[in-house]
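K.L.:
compute the structure for the input listed below.
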Amino acid sequence: MKKILVALLAVTVFAGSAFAADVMEMKKGVTFKHKAHAEAVKDCTKCHAKAEGGKIDGFGKDLAHKTCKDCHVEMKKGPTKCKECHAK
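P.N.:
Alright, predicted model coming up:
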């Protein structure tokens, strides 16, 4: 029974990442490559409330600047300056 549950969880996680949108269009000209981030971070709860992913409640400017920018600074990878995300 335990093996079945583990296999079911693995399939669910894989299916979620396989069908997730690759490039998401955000406000103010920001694009976000979800698949690349999912592969790099590997822990969906770094951004999402649940390991299965889903909509991020309260996502907007303040949360993006805190969560996304702070992660980029921490990992020393990714944009951290305004014009690096907000292309005009």
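K.L.:
average pLDDT across the one helix or strand Ala40 maps to?
P.N.:
Using DSSP states H and E, Ala40 falls within helix 34-41. What helix 34-41 shows for mean pLDDT is 91.
K.L.:
what's the closest residue to Thr80 other than its chain neighbours in contact with, if anything?
P.N.:
Closest residue to Thr80 apart from its sequence neighbours, by C-beta to C-beta, 6 or more residues apart in numbering: His72 at 5.1 Å. C-beta coordinates here come from the backbone N, C-alpha and C atoms, glycine included. For His72, the contact set (C-beta atoms under 8 Å, 6 or more residues apart in numbering) comprises 78-80.
K.L.:
and which of those residues is nearest to His37?
P.N.:
Lowest distance from His37 to these (C-beta to C-beta) belongs to Gly78, with 8.8 Å.
K.L.:
what's the burial count for Lys61?
P.N.:
A total of 11 residues lie near Lys61 under the criterion other C-beta atoms under 10 Å.
K.L.:
contacts only, for it.
P.N.:
Lys61 sits in contact with Lys27, where contact means C-beta under 8 Å, 6+ apart.
K.L.:
against Glu74, how distant is it?
P.N.:
Lys61 is 20 Å from Glu74, where distance means C-beta to C-beta, to the nearest Å.
K.L.:
over to Lys46?
P.N.:
10 Å.
K.L.:
nice, that's everything, thank you.
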